[in-house]
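Q: I'd like to go over a predicted model; first the sequence, then the structure.
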Amino acid sequence: MAYWICVVNDENWAIVKSQHVWGVSKRWRNVISYVRRGDLLAFYVIPKRIGGIFEVVSDPYYDDSQIFYPVKIREKRFPYRVRVRPILVPKEPIDFTPLVPKLSFTKNKQYWSAPFRRAMFRIIEEDFKVIEEYLRRFVK
């Protein structure tokens, strides 16, 4: 099992929650190709919020249908996708900044948001557990 952070805006976060699918552009197709069934995805909702945790329930696949909102003009469809199922999702995304000092991938605490300039990235289990425990405080 692997653990991932997926970076999403509000509009596409609504799509992930309602349609149970996560997708990336062609630029990130190699990264999503490493995702496997059973992997866990934590969604970072821009700006500075954590949305929830989902489990991957499909192999990566290609689907060019328009369901996501474009982030940039050249990224229109996010066709490299996986199906997901909600595991731990608060009603609203939660402030991420209290987690910054506790996570190993936010090494530079002054510029901690640098890793979030990617569509998704893998993290270690210990960091994922920190995020999971934090979210549990907000889900009843």
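A: Sure, I can see it. Residues are numbered from 1 along each chain as shown.
Q: contacting residues for Phe138?
A: 90, 94 (CB atoms under 8 Å, 6 or more residues apart in numbering). Using the backbone N, CA and C atoms, a C-beta is placed for each residue, glycine as well.
Q: Begin at 50, not 1, for the rest of this chat.
A: Yes, from this point I'll number from 50; that puts the last item at Phe187.
Q: gap between it and Gly100?
A: Counting by CB to CB, to the nearest Å, the gap between Phe187 and Gly100 amounts to 11 Å.
Q: now do Val57
A: 7 Å.
Q: do Ile81 as well
A: Ile81 sits at a distance of 18 Å from Gly100 (criterion: CB to CB).
Q: Buried residues, stretch 50-69. List them.
A: Going by neighbour count (16 or more other CB atoms under 10 Å), the buried part of stretch 50-69 is 51-57, 61-62, 64-66.
Q: I'd like these laid out as TSV, including distance to Trp77, secondary structure and pLDDT.
A: TSV is the format used below for these (distance: CB to CB, whole Å; DSSP: H, G, I helix; E, B strand; the rest coil; pLDDT from 0 to 100):
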residue	distance to Trp77	secondary structure	pLDDT
Ala51	15	coil	98
Tyr52	17	strand	98
Trp53	11	strand	98
Ile54	12	strand	98
Cys55	10	strand	98
Val56	10	strand	96
Val57	12	strand	96
Asn61	13	helix	96
Trp62	17	helix	97
Ile64	16	helix	97
Val65	15	helix	98
Lys66	20	helix	98
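Q: Of all pairs in these, which one is the farthest apart?
A: Ala51 and Ile64 (22.7 Å; CB to CB).
Q: wait, which of the buried residues of stretch 50-69 is closest to Phe177?
A: Among those, Tyr52 lies closest to Phe177 (CB to CB), at 3.8 Å.
Q: Dump the strand or helix carrying Gly100 to PDB, restricted to CA.
A: When elements are defined using DSSP states H and E, Gly100 is found to belong to strand 98-105. Extracted C-alpha coordinates of strand 98-105, given in PDB (Å, rounded to 0.1, in the frame of the first residue of the first chain):
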ATOM      1  CA  ARG A  98      -6.900  22.900   3.600                       C
ATOM      2  CA  ILE A  99      -7.100  19.100   3.900                       C
ATOM      3  CA  GLY A 100     -10.300  17.700   2.500                       C
ATOM      4  CA  GLY A 101     -10.300  14.000   3.300                       C
ATOM      5  CA  ILE A 102      -9.000  10.600   2.700                       C
ATOM      6  CA  PHE A 103     -10.100   8.200  -0.100                       C
ATOM      7  CA  GLU A 104      -9.100   4.600  -1.000                       C
ATOM      8  CA  VAL A 105      -8.300   3.800  -4.600                       C
END
